[in-house]
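In: Task: produce atomic coordinates for the following.
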Amino acid sequence: MYNKSVAITGSTIEKTTKYDQFREDKIRMELYRIILSLYDEGCRTFTCNLHSFIGLLGADTIVMLREADKCPEIIFSAVIPATPYPADADKLYHALSDDLMKQADNKEVPSEKDSTGKAFADYHHIVCFYDDFSEEIGQVRTSGVSYTNICKMI
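Out: Residues are numbered from 1 along each chain as shown. Okay, the predicted model is just below:
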């Protein structure tokens with residue numbers, strides 16, 4: 001009951017926030033609410049693709065929830081991509097990513113086709129940020145796994 005896994009993945013920085021601070025705050029609020037809810041449902045392992053901005057914000061939220069003792073048993077699993085940072089990442093992104101990588105409980109290496117380290121079908125739930133007509137959201141839908149697309153919520 002308490003060993004369910006969640007994947008957090010999505011688009012890159014530019015596509016996600018367009019450097020809009022207000023939009024980033026809304027994404028963070030949704031992540032907080034969703035992660036807390038999934039934790040209450042028995043999800044303990046959260047795998048974050050730090051190459052996606054949503055994965056970076058998700059990882060930051062997970063660490064914050066753990067440090068605040070709201071989710072003391074949460075496990076943060078970071079995906080280790082082939083390149084350390086996305087091409088459009090700035091110095092702040094680099095610093096946050098490096099810090100989060102140090103705080104990860106587990107590190108996973110993704111396959112060529114998979115941005116989360118495992119097939120989507122291996123997860124209980126997927127939290128993502130994709131355009132409704134993107135190829136990636138099509139893959140999430142066809143996986144049969146329940147998902148939350150934050151892109152539609154903000």
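
In: Could you use CA atoms for every contact and neighbour count after this?
Out: Noted.

In: per-residue pLDDT, the closest residue to residue 61 other than its chain neighbours?
Out: Closest residue to residue 61 apart from its sequence neighbours, by C-alpha to C-alpha, 6 or more residues apart in numbering: residue 32 at 6.2 Å. What the model reports for residue 32 is a pLDDT of 97.

In: quick one: which helix or strand includes residue 32?
Out: helix 21-40 (DSSP states H and E).

In: Against which helices or strands is the next helix or strand along the chain from that helix packed?
Out: Later in the chain than helix 21-40, the nearest helix or strand by DSSP H and E is strand 43-49. Judged by 3 or more C-alpha pairs under 8 Å, 6 or more residues apart in numbering; DSSP states H and E, the packing partners of strand 43-49 are strand 4-10, helix 53-67, strand 75-79.

In: Not counting the helix holding residue 32 itself, show me its contacts.
Out: Residues outside helix 21-40 that contact it (C-alpha atoms under 8 Å, 6 or more residues apart in numbering) are 17, 54, 57-58, 61-62, 70-71, 74, 150, 153-154.

In: what angle separates it from helix 53-67?
Out: Here helix 21-40 points in a direction 60 degrees away from that of helix 53-67 (axes from the mean of the first three to the mean of the last three C-alpha atoms, to 10 degrees).

In: Including mean neighbour count, could the helices and strands packed on strand 43-49 go into CSV?
Out: Shown next, in CSV, are these (neighbours: other C-alpha atoms under 10 Å):
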stretch, mean neighbour count
strand 4-10, 25
helix 53-67, 23
strand 75-79, 24
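
In: Nearest to residue 95, out of the ones you listed?
Out: Taking C-alpha to C-alpha, helix 53-67 is the member of the helices and strands packed on strand 43-49 nearest to residue 95, at 11.2 Å.

In: between the closest one and strand 4-10, how big is the angle?
Out: Between the axes of helix 53-67 and strand 4-10, defined by the same axes, to 10 degrees, the angle is 140 degrees.

In: Near the residue nearest to residue 61, how many other residues are there?
Out: As a burial measure, residue 32 scores 18 neighbours (other C-alpha atoms under 10 Å).

In: now it: how far from residue 101?
Out: Distance, residue 32 to residue 101, by C-alpha to C-alpha, to the nearest Å: 19 Å.

In: How about residue 142?
Out: Distance from residue 142 to residue 101, counting by C-alpha to C-alpha: 30 Å.

In: ok, these two, which is more surrounded?
Out: Using other C-alpha under 10 Å as the criterion, residue 142 and residue 101 rank with residue 101 on top: 20 against 11.

In: Perfect, I'm done here.
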